[in-house]
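Undergrad: Build me a model from this:
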Amino acid sequence: MNHVLKNSIFILISFFVLSGCNIDKSVPNIELIQDMMESPAIKPQEYDAGSPNHSGMRVPPEGTQPQGFTPYRYAADFDAAKGNKNPMAGQYTEETLKVGVKYYTIHCSVCHGAGGEGGENNSIGAKMALKPPALTSAKIKGWTDGQIYHVITMGQGVMGPYAAHIPEKYRWQVVNYVRTLQQGQ
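TA: Numbering: from 1, shown residues only. Sure, this is the predicted structure:
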């Protein structure tokens, strides 16, 4: 008798539990906790009364870095960038140069010219008050790969930084492409 009673109670509890499940999708769920269905999340552009600057956009805590971020250790020192070694030095393969050409054409050739001839010989650079230098000049040929990489990363003079536009590994390929321009290839 005890065994039959236990099975009956189990079946009765199972019935009540399963009857609470909504199998018919045309009937909306019963929302016991409203915030679980409608999150009070705020988009970055929205007004937020609880924020110090009333913006949903938050400034990350000081000293934090995104995952996978590697800080550039020569950020403030062009001369120290001489010691920055090109991990792709001498790798002038078709594959690496193709990437270098792509990013050079998109970001650099507008001001420095398609062949690195400088601002005076192309339509955009000629209109600039401070002409971009020729990348094939003796001055820039004398720079190390690390210094060219530094200028691409941090900018120099009126040229802004391209660290956000050209990923780190592709900047080295742009440096290799500039070296081929300097060799006249």
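
Undergrad: Just name the shakiest helix or strand of the protein by mean pLDDT.
TA: helix 34-37 (a mean of 66; mean pLDDT, DSSP states H and E).

Undergrad: Now T180: which helix or strand?
TA: Assigned by DSSP states H and E, T180 belongs to helix 168-182.

Undergrad: for that helix, what is the average pLDDT?
TA: When pLDDT is averaged along helix 168-182, the result is 93.

Undergrad: taking the mean pLDDT, what do you get for stretch 99-117?
TA: For stretch 99-117, the mean per-residue pLDDT is 92.

Undergrad: nope, stretch 62-71 is what I meant
TA: For stretch 62-71, the mean pLDDT works out to 78.

Undergrad: Pull the residues that contact it.
TA: E168 (Cβ atoms under 8 Å, 6 or more residues apart in numbering). Glycine gets a C-beta too; all of them are placed from N, C-alpha and C.

Undergrad: send the alpha carbons of that stretch over as PDB?
TA: Output for stretch 62-71, consisting of C-alpha atoms alone and laid out as PDB, is shown next (Å, rounded to 0.1, in the frame of the first residue of the first chain):
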ATOM      1  CA  GLU A  62      41.400  53.500 -15.200                       C
ATOM      2  CA  GLY A  63      44.200  51.000 -15.900                       C
ATOM      3  CA  THR A  64      42.000  48.400 -17.600                       C
ATOM      4  CA  GLN A  65      42.700  46.900 -21.000                       C
ATOM      5  CA  PRO A  66      40.600  44.900 -23.500                       C
ATOM      6  CA  GLN A  67      41.300  41.200 -23.800                       C
ATOM      7  CA  GLY A  68      44.100  40.500 -26.300                       C
ATOM      8  CA  PHE A  69      45.400  44.100 -26.100                       C
ATOM      9  CA  THR A  70      49.100  44.500 -26.100                       C
ATOM     10  CA  PRO A  71      50.200  48.000 -25.100                       C
END
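
Undergrad: Distance from it to the middle of the chain?
TA: Here stretch 62-71 is found 12 Å from its chain centre; the criterion is Cα atoms, centre = their mean, to the nearest Å.

Undergrad: Same question for stretch 122-136.
TA: Using Cα atoms, centre = their mean, the distance between the centre of stretch 122-136 and that of its chain works out at 28 Å.

Undergrad: Okay, buried residues for it please.
TA: The neighbour-count check on stretch 122-136 (16 or more other Cβ atoms under 10 Å) flags 122, 125, 131-136 as buried.

Undergrad: Would you mind measuring from the residue positioned nearest the centre of the chain to R73?
TA: Taking Cα atoms, centre = their mean, the centroid of the chain lies closest to A164, which sits 5.9 Å from it. Distance from A164 to R73, counting by Cβ to Cβ, to the nearest Å: 18 Å.
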